[in-house]
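1. task: produce atomic coordinates for the following.
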Amino acid sequence: MSIKDNLINLKNKLPSTTKLVAVSKTKPIEDIMEAYDAGQRVFGENKAQDMASKHALLPEDIEWHFIGHMQTNKVKLIAPFVSLIHSVDSLKLAKEINKQAEKNNRTIDCLLQFHIADEETKFGLSYNEAIDIIQNKATNNMDNIRFVGVMGMATFTDDNIQIKTEFGNLLKSFNKLKATCYSTYDYFEEISMGMSGDYKIAIEEGSTIVRLGTLIFGERTHI
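-> Below is the predicted model of the structure:
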């Protein structure tokens, strides 16, 4: 199946309330353009330098999502154009995003990344750590960063019950934040969870954004 066929097949399965991020990390410009020509406009990268390079070569109406672990010293590379950063996991990073957004006269939308997996290697916040960032005095003085929801990655396992539980926990965290901190803010509405292996479970648990690479572009090229 071609990239175009894969996209058509996927979009027929996704509810209209779920946004598809085509994970284009490690993929060449030609593959991204094939997806673009098939109508896809939202792409996700996990390395700031790669995203900046691709942004310079590809159509301007692409909506770029940063989906990897964000290093503070790389924020400046994507601050001029990134649409959504999925992976804010510290106050230090939030401050840097705000600083670079201000330099570019922008407000950058971000998601708070939660640690929901039974794996130490994955990054993310606990619920209390997320609250600490949201309620920090420094955060209240940041006018160029806006938290619009949460993100999490489930454990890499064949145990669907465990995956369902972890996604369910992220939904609970989102609902608590919405009720306690963002009840009057319509923009706090995103739950980014679900990748090629578990996106169907994620959608059942309330995902509004799925991040799919292999199902669109085929097996990843490791570099």
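
2. confidence-wise, which helix or strand of the protein is lowest on average?
-> The helix or strand of the chain with the poorest confidence is helix 137-140; it has a mean of 89 (mean pLDDT, DSSP states H and E).

3. for the helix ranked longest in the chain, packing partners?
-> Longest helix in the chain, counting residues (DSSP state H): helix 160-180. The contact analysis (3 or more Cβ pairs under 8 Å, 6 or more residues apart in numbering; DSSP states H and E) places helix 160-180 against strand 108-114, helix 127-135, strand 145-152, strand 190-192, helix 199-204. From N, CA and C alone the C-beta is placed, and that goes for glycine too.

4. now for the shortest one, which elements pack on it?
-> To tie it back to what came earlier, the one meant is strand 190-192. Secondary elements touching strand 190-192 (3+ Cβ pairs under 8 Å, 6+ apart): strand 145-152, helix 160-180, strand 209-212.

5. who's in contact with it?
-> 21, 84, 86, 111, 148-152, 170-171, 174, 206-211 (Cβ atoms under 8 Å, 6 or more residues apart in numbering).

6. just the buried members of these?
-> The neighbour-count test (16 or more other Cβ atoms under 10 Å) applied to the contacts of strand 190-192 identifies 21, 84, 86, 111, 148-152, 170-171, 174, 206-211 as buried.

7. residue 3 versus the residue minimising distance to the centre of the chain, what's the distance?
-> In the chain, the C-alpha nearest the mean C-alpha coordinate belongs to residue 86, at 3.3 Å (Cα atoms, centre = their mean). Going from residue 86 to residue 3 by Cβ to Cβ, to the nearest Å gives 22 Å.

8. residue 38 too?
-> From residue 38 across to residue 3, the span is 7 Å (Cβ to Cβ).

9. with residue 124 instead?
-> 30 Å.

10. again with residue 216
-> For residue 216 relative to residue 3 (Cβ to Cβ), the value is 6 Å.
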